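Undergrad: the amino acid sequence is not available; the structure is as follows:
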């Protein structure tokens with residue numbers, strides 16, 4: 001059966017013009033490892049349907065990403081005008097933006113370090129770090145150096161008698177501040193990076209290129225499976241360019257899910273998270289009235305569990321292989337967020353027997369610890385697709 005399915009995938013992906021409808025029909029039942037990275041890139045619009053354009057399209061996209069790295073990582077702040085200074089209080093100083101970026105970077109760093117703790121992959125070194133571009137820039141400023149530099153995190157200043165700002169930190173050294181490379185840990189090679197550091201850089205560049213939407217905790221959970229799939233591709237060139245490819249596919253996913261990360265849109269009647277949670281309860285009421293009545297009786301609100309399920313596309317609820325299987329279908333459907341609502345319905349219904357015999361505390365423990373439950377991802381997908389095709393706008 002797998003051999004036949006592989007033939008079908010190869011037949012579709014080898015056409016001069018990809019039949020997107022046919023590819024989605026194959027992917028919705030789950031991709032095969034051999035073709036998943038390529039199929040996802042097509043479904044997430046990184047690759048056009050015309051296969052003869054693939055090479056030039058990827059070359060251009062990857063070249064643009066390298067330029068993002070040069071501008072936002074290696075040249076940030078330190079290439080400013082000589083008269084500009086880290087202690088300059090002028091709001092137009094490039095250092096103001098530099099320090100604000102560091103606040104975001106510190107949060108990204110904290111989250112990426114603990115990405116997928118049950119999977120050793122992200123703590124391993126990558127062979128294809130694009131960080132090697134650092135050697136193109138003399139006195140380069142890597143994200144690692146910015147994290148390791150304590151003076152760039154917080155420096156207290158006060159005006160002297162002449163009105164000039166000076167540092168009050170007795171350990172402050174302006175020469176070290178202007179050249180952080182002076183005190184980088186020397187036992188770490190500049191061209192060696194762990195996979196989580198690559199994910200950190202992608203997220204930082206995403207924030208710099210999408211200034212209206214800063215980083216929000218949880219974005220790291222969405223980007224993790226994408227990067228994992230592309231970095232474990234059997235094709236070496238694909239593995240080598242996993243960082244750039246992940247960046248563009250992540251942008252495509254965030255187009256759908258971004259409103260859920262914006263607090264000011266929580267109550268928006270069309271795209272806010274409260275709308276989606278109400279949609280979940282409405283769908284569940286239509287599917288299983290008895291269960292919804294039980295949840296209301298014990299006051300188990302969807303905000304306590306479905307909020308995370310929907311916004312993170314279940315990336316925290318399942319193991320990596322199960323998340324990847326779910327995303328095969330997710331990327332193949334017409335409306336991803338609608339589909340996720342039916343996935344939530346399927347999951348909560350699978351847990352029905354246990355929930356019906358639970359009080360609030362027991363139910364909370366159950367729905368917030370899905371990974372330790374004996375849940376079969378195939379059953380989740382079967383029910384999700386059944387509900388989606390029966391009730392959804394597909």
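TA: Sure, I can see it. If you're wondering where the values come from, they're calculated on a predicted model, not measured in any experiment.
Undergrad: biggest helix in this structure, by residue count?
TA: helix 94-113 (DSSP state H).
Undergrad: point out where the stretch 151-300 of the chain drops to low pLDDT.
TA: Within the stretch 151-300 of the chain, the set of residues satisfying pLDDT under 70 comprises 151-191.
Undergrad: in it, mark out all the strands, start to finish.
TA: Assigned strands in the stretch 151-300 of the chain, in chain order: 157-159, 165-167 (criterion: DSSP state E, counting those that start in this stretch).
Undergrad: spatially central residue for this structure, please.
TA: In the chain, the centroid-proximal residue (C-alpha atoms, centre = their mean) is residue 223; its distance is 2.4 Å.
Undergrad: how about that one, nearest residue that isn't a chain neighbour?
TA: Once flanking residues are discounted, residue 223 sits nearest to residue 250: 5.0 Å by C-beta to C-beta, 6 or more residues apart in numbering. Every C-beta, even on glycine, is put in place using the N, C-alpha and C of the backbone.
Undergrad: what's the burial count for the one you found?
TA: 19 (other C-beta atoms under 10 Å).
Undergrad: so it touches residue 229, yeah?
TA: No. Using C-beta atoms under 8 Å, residue 250 makes no contact with residue 229, being 11.9 Å away.
Undergrad: look at the spatially closest residue to residue 302 that is not a sequence neighbour and say how many residues are nearby.
TA: Nearest residue to residue 302, sequence neighbours excluded (C-beta to C-beta, 6+ apart): residue 277, at 4.4 Å. By the measure other C-beta under 10 Å, the count of residues near residue 277 is 20.
Undergrad: residue 277 and residue 307 touch, don't they?
TA: Yes. Assessed by C-beta under 8 Å, residue 277 is found in contact with residue 307 at 6.6 Å.
Undergrad: which neighbours do the two share?
TA: The overlap between the contact sets of residue 277 and residue 307 (C-beta atoms under 8 Å, 6 or more residues apart in numbering) is empty.
Undergrad: domains for this structure, by residue range?
TA: Annotated domains of the chain cover 2-48, 53-257, 262-391 [automatic domain parsing].
Undergrad: and the shortest one, how far from the chain's centre?
TA: Translated: domain 2-48. 23 Å (C-alpha atoms, centre = their mean, to the nearest Å).
Undergrad: any idea how far residue 244 is from residue 233?
TA: Distance, residue 244 to residue 233, using C-beta to C-beta, to the nearest Å: 13 Å.
Undergrad: what is in contact with the two at once?
TA: Common neighbours of residue 244 and residue 233, counting by C-beta under 8 Å, 6+ apart, are absent.
Undergrad: residues in contact with residue 199?
TA: Counted by C-beta under 8 Å, 6+ apart, residue 199 has contacts 112, 115, 122, 220, 223, 224, 227, 246.
Undergrad: dump the residue contacts of the third one.
TA: If a contact means C-beta under 8 Å, 6+ apart, then residue 122 has 112, 115, 116, 194, 195, 196, 199, 224, 228 as its contacts.
Undergrad: which of the residues you listed sits closest to residue 311?
TA: Of all these, the one with the least separation from residue 311 (C-beta to C-beta) is residue 224, at 14.3 Å.
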